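*Asks:* Got a predicted structure plus its sequence, pasted below:
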Amino acid sequence: MSRLSMVKNQSSFEQPSSARKALCAVLVAASLAAGCGSSGASADGGADAGADGPAATGIPSPALAVISSDYAVTSVSLYDPATGKLIDGCVKSGVTSPTLVMPLSGDVTLPTQAQQGGQLVLIDGKSAVLTFVNPASCAVTAQLSVSTGGFVAHPHDVVTLSSTKAYVTRYETNANATPDPADFDDGDDVLIVDPTLLTVTGRIALSTFAAPSATGVTTQARPDRAVLAGGLVYVTLDSISADFTATGPGRVVVIDPTTDTVTGTIDLPNTKDCSGMTYLDSQKKLYVACGGAYGEASQLDQSALVEIDLSGTTPVVARMVPAGMLGQSPINFFYASVYNDVAFVGTQGAFPDPTTGSAGSDDAFYAVALASGVSAKLASGAAGDLGAAVVDPTTRKVFLPDASQKVPLVHVYDLSAAAPAALPGFEPNPSDHLPPRAVGSY
């Protein structure tokens with residue numbers, strides 16, 4: 001089974017569809033917000049380290065967080081790309097405390113961008129809870145449920161705009177929403193929250209911006225990843241129907257955070273299932289990864305890394321890296337990673353299919369020169385093993401998680417020379433040996 005058959009309607013990580021369907025709505029009571037104020041823990045001690053025993057000394061921003069998970073439990077490690085310092089198990093599943101009321105599930109991911117203020121935010125897709133962590137001490141400072149009304153909201157991303165305002169993309173629609181607009185329980189939206197007061201203050205409805213499917217089946221917007229770029233927030237819409245049988249073309253909506261309104265849309269031609277993004281401020285360019293619609297014969301043709309030029313008054317779709325240029329597998333839509341004029345692109349392999357006798361195929365990871373289109377394979381792994389990579393521009397390194405059961409590892413590549421060079425990797429969770437799934441900046 002292809003990994004693409006396991007996502008979007010399930011979790012930010014790959015899980016069997018039966019497991020995702022079994023997930024129930026988890027509502028954190030309103031009393032949680034009242035009990036989740038700042039713990040006051042400092043870098044030299046304090047409670048709620050997220051690991052058994054005394055609080056761990058963390059790594060203040062800027063640094064990297066690594067999500068390691070077997071989809072049942074999660075461990076979040078911290079890594080300093082400049083010094084190589086590693087904090088294993090800064091926060092992990094199974095731990096509760098006065099501020100960590102809802103323990104982490106096995107479905108945790110990271111925001112696309114580092115958050116303002118240097119805080120680490122963990123997005124729990126199963127419980128729909130945001131967990132705020134002081135990375136300097138690994139102390140959990142607060143939690144906030146975004147499952148208004150108790151439905152499976154499935155948050156996918158967070159964009160912090162200020163200490164009192166953040167956007168949260170909610171992928172699912174509440175089939176039993178009330179008519180009251182003040183309870184913000186509709187879903188298929190961007191929820192507006194106050195990270196300081198731990199309250200929900202509004203929502204930006206996105207259902208009407210869903211790209212229509214060619215078959216006429218109604219699609220939900222399914223807001224996915226989001227980035228702040230040039231004072232505006234860009235959100236990818238997956239535009240997939242409620243039963244996941246129909247998909248509209250790739251689309252990005254543009255939101256003005258000063259008015260909390262959608263000011264425009266960017267259609268991505270000949271693409272579907274577009275998700276991961278990155279923004280290069282120095283070049284004023286936004287990159288979007290599109291995986292193509294799983295199950296459609298033309299999936300490979302719909303998959304590409306798309307460059308959007310934001311330097312002018314109107315966004316312009318510029319260059320593209322089609323998946324077909326890298327082989328016969330669609331692009332990993334979970335992330336987009338670019339350094340200067342080189343894109344780091346993953347392709348998703350297929351699991352063996354006993355029904356058809358297919359042997360499956362491997363994941364792969366490429367460096368692609370955007371100007372020439374020349375690509376070089378940097379790594380390969382079993383289907384589902386190569387996760388979401390990230391570039392650290394300060395140290396000029398790219399980090400690629402490899403969830404190999406035998407050797408769980410984060411690969412490291414040096415970008416300071418003309419061609420990326422492999423450096424010694426590291427295991428982010430040596431205490432539990434959970435496989436790494438994603439790396440992100442904070």
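*Replies:* Done, it's in.

*Asks:* shaky segments in the chain?
*Replies:* Along the chain, the parts satisfying pLDDT under 70 run over 1-56.

*Asks:* For it, just list every one of the helices.
*Replies:* Assigned by DSSP state H, the chain shows helices spanning 17-21, 30-34, 299-302.

*Asks:* How far off centre is stretch 107-122?
*Replies:* 9 Å (Cα atoms, centre = their mean, to the nearest Å).

*Asks:* buried residues in that stretch?
*Replies:* Buried positions in stretch 107-122, judged by neighbour count with 16 or more other Cβ atoms under 10 Å: 107-115, 119-122. C-beta here means a position set from N, CA and C on the backbone, and glycine is covered the same way.

*Asks:* Val235: neighbour count?
*Replies:* Residues near Val235, counting by other Cβ atoms under 10 Å, number 26.

*Asks:* Surely it and Pro257 touch.
*Replies:* No: contact criterion Cβ atoms under 8 Å: Val235 and Pro257 do not qualify, at 11.4 Å.

*Asks:* which residues does Ser380 contact?
*Replies:* With contact set as Cβ atoms under 8 Å, 6 or more residues apart in numbering, Ser380 has these partners: 362-365, 386.

*Asks:* which residue lies farthest from the center of this structure?
*Replies:* Here the chain reaches farthest from its C-alpha mean at Gly357, the gap being 32.7 Å by Cα atoms, centre = their mean.

*Asks:* Mind listing the residues bridging to Thr131?
*Replies:* Judged by DSSP bridges, the bridge partners of Thr131 are Leu122, Gln143.

*Asks:* do you know how far it is from Ile255?
*Replies:* According to Cβ to Cβ, to the nearest Å, Thr131 and Ile255 sit 24 Å apart.

*Asks:* More neighbours: which of these two?
*Replies:* Using other Cβ under 10 Å as the criterion, Thr131 and Ile255 rank with Thr131 on top: 26 against 23.

*Asks:* Thought Cys138 was touching the more buried one, still the case?
*Replies:* No: Thr131 lies out of contact with Cys138 (Cβ under 8 Å); the separation is 11.7 Å.

*Asks:* tally of neighbours for Ala182?
*Replies:* When counting by other Cβ under 10 Å, one arrives at 7 neighbours for Ala182.

*Asks:* Give me the distance between it and Thr356.
*Replies:* In terms of Cβ to Cβ, Ala182 sits 51 Å off from Thr356.

*Asks:* again with Val254
*Replies:* 42 Å.

*Asks:* So which of those two has more stuff around it?
*Replies:* Higher neighbour count among Val254 and Thr356: Val254, with 17 against 7, using other Cβ under 10 Å.

*Asks:* what sits against that one?
*Replies:* Val254 makes contacts with 232-234, 262-266, 315, as judged by Cβ under 8 Å, 6+ apart.

*Asks:* In strands only, show me those.
*Replies:* If you go by DSSP state E, these have 232-234, 262-266 in strands.

*Asks:* Give the closest residue to Ala229 in space, chain neighbours not counted.
*Replies:* Nearest residue to Ala229 in three dimensions, chain neighbours excluded: Tyr279, at 4.2 Å (Cβ to Cβ, 6 or more residues apart in numbering).

*Asks:* so what's that neighbour up against?
*Replies:* Counting by Cβ under 8 Å, 6+ apart, Tyr279 has contacts 113, 227-229, 234, 285-287, 310.

*Asks:* cool, and Asp183?
*Replies:* Contacts for Asp183 (Cβ under 8 Å, 6+ apart) come out as 148-149.

*Asks:* what's the answer for Pro424, then?
*Replies:* Listed by Cβ under 8 Å, 6+ apart, the contact set of Pro424 reads Val412.

*Asks:* And Ser311, by the same measure?
*Replies:* Going by Cβ under 8 Å, 6+ apart, Ser311 touches 283-285.

*Asks:* quick one, phi psi at it?
*Replies:* Torsion angles at Ser311 (phi, psi; degrees, to the nearest 10) stand at phi -80, psi -20.

*Asks:* From Ser282, how far off is it?
*Replies:* 11 Å.

*Asks:* And for Ala142?
*Replies:* For Ala142, the distance to Ser282 - Cβ to Cβ - is 34 Å.

*Asks:* Looking at these two, which is more packed in?
*Replies:* Comparing Ala142 with Ser282 by other Cβ under 10 Å, the one with more neighbours is Ala142, at 24 against 7.
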